[in-house]
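Student: Coordinates only, no sequence provided:
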């Protein structure tokens, strides 16, 4: 409830330890190098435990945590010295908060997924493309794209780009071509839907005939593309 009001309580540093095979198991207490909420914990083939992901303040939920825990930690349960049981590893550049996951792979590596996506950073979604005939666009032709933005996304700066798919071999991607299309007009159709009209490239010197991916990029986030064919 505090996180919902923007008050982010520091996460606890403590974690429990219990040897369930003891005749009379007693719960122990360990102090992690830093507080962590929403962690992922995996037993490794070496016998160690890795603790990763999560945040240092807040709780689970969209926008309910801050200060991501970027450093994974190794825990060695068989180390007799309590002060040497934790080893802090190099940090990741990607925040893995809500929701994130980690799983052990057959070769002993760890696959980590998820970041901190939320409803305010959804991709724009192309709903339709008006103007092509049998999916063909002529040079200099005007065509319209209807797209939607998610809830709570204020309309901001957006551009329409056209990208030629490259073919790659020997460490070199050939035929790369990016064009920012001229916007003729833009209008809001409903709470979530928008329509933008653009001009196709004027000549084959700019865009040789062939297939292209068209994107709507809203505040730096691209949509899934729509395919068109120039001729």
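Tutor: Structure's in. What do you need? What you see is a predicted model, and the numbers here were worked out from it, not measured in a lab.

Student: quick one: average confidence on stretch 99-111?
Tutor: Mean pLDDT, stretch 99-111: 92.

Student: Show me what the lowest-mean-pLDDT helix or strand in the chain is packed against.
Tutor: Least confident helix or strand of the chain, by mean pLDDT, DSSP states H and E, is strand 167-169 with a mean of 79. In this structure, strand 167-169 makes packing contacts with strand 172-174, judged by 3 or more C-beta pairs under 8 Å, 6 or more residues apart in numbering; DSSP states H and E. Using the backbone N, CA and C atoms, a C-beta is placed for each residue, glycine as well.

Student: What average pLDDT does the strand it packs on get?
Tutor: 82.

Student: I would like the residues contacting that strand, please.
Tutor: Residues from elsewhere that reach strand 172-174 (C-beta atoms under 8 Å, 6 or more residues apart in numbering): 166-168.

Student: who's in contact with residue 85?
Tutor: Taking C-beta under 8 Å, 6+ apart, one finds 30, 75-77, 79 in contact with residue 85.

Student: Can you tell me how far it is from residue 77?
Tutor: 7 Å (C-beta to C-beta, to the nearest Å).

Student: repeat for residue 185
Tutor: 65 Å.

Student: How far does the least confident helix or strand of the chain sit from its chain's centre?
Tutor: Averaged C-alpha coordinates place strand 167-169 at 26 Å from its chain's average position (C-alpha atoms, centre = their mean, to the nearest Å).

Student: list the buried ones in it?
Tutor: By neighbour count on 16 or more other C-beta atoms under 10 Å, the buried set for strand 167-169 is empty.

Student: For it, which outside residues touch it?
Tutor: 173-175.

Student: what's the answer for stretch 183-193, then?
Tutor: Contacts of stretch 183-193 (C-beta under 8 Å, 6+ apart): 127, 142, 146-151, 155, 159-160, 194-199.

Student: List buried residues within those.
Tutor: 127, 146-149, 160, 194-198.

Student: Minimum pLDDT in these, which residue is that?
Tutor: residue 149 (83).

Student: got a list of what that one touches?
Tutor: 122, 124, 155, 192, 194, 218.

Student: same thing but at 7 Å, please
Tutor: 124, 155, 192, 194, 218 (C-beta atoms under 7 Å, 6 or more residues apart in numbering).

Student: What is the longest strand of this structure by residue count?
Tutor: strand 210-218 (DSSP state E).

Student: about what we covered before: let me know the closest of the buried ones among the contacts of stretch 183-193 to residue 93.
Tutor: residue 149 (27.6 Å; C-beta to C-beta).

Student: How many residues are close by residue 23?
Tutor: Neighbour count for residue 23, taken as other C-beta atoms under 10 Å: 4.

Student: Per-residue pLDDT of it, please?
Tutor: pLDDT, residue 23: 94.

Student: on that earlier part again, which member of the buried ones among the contacts of stretch 183-193 is positioned nearest residue 89?
Tutor: residue 149 (38.5 Å).
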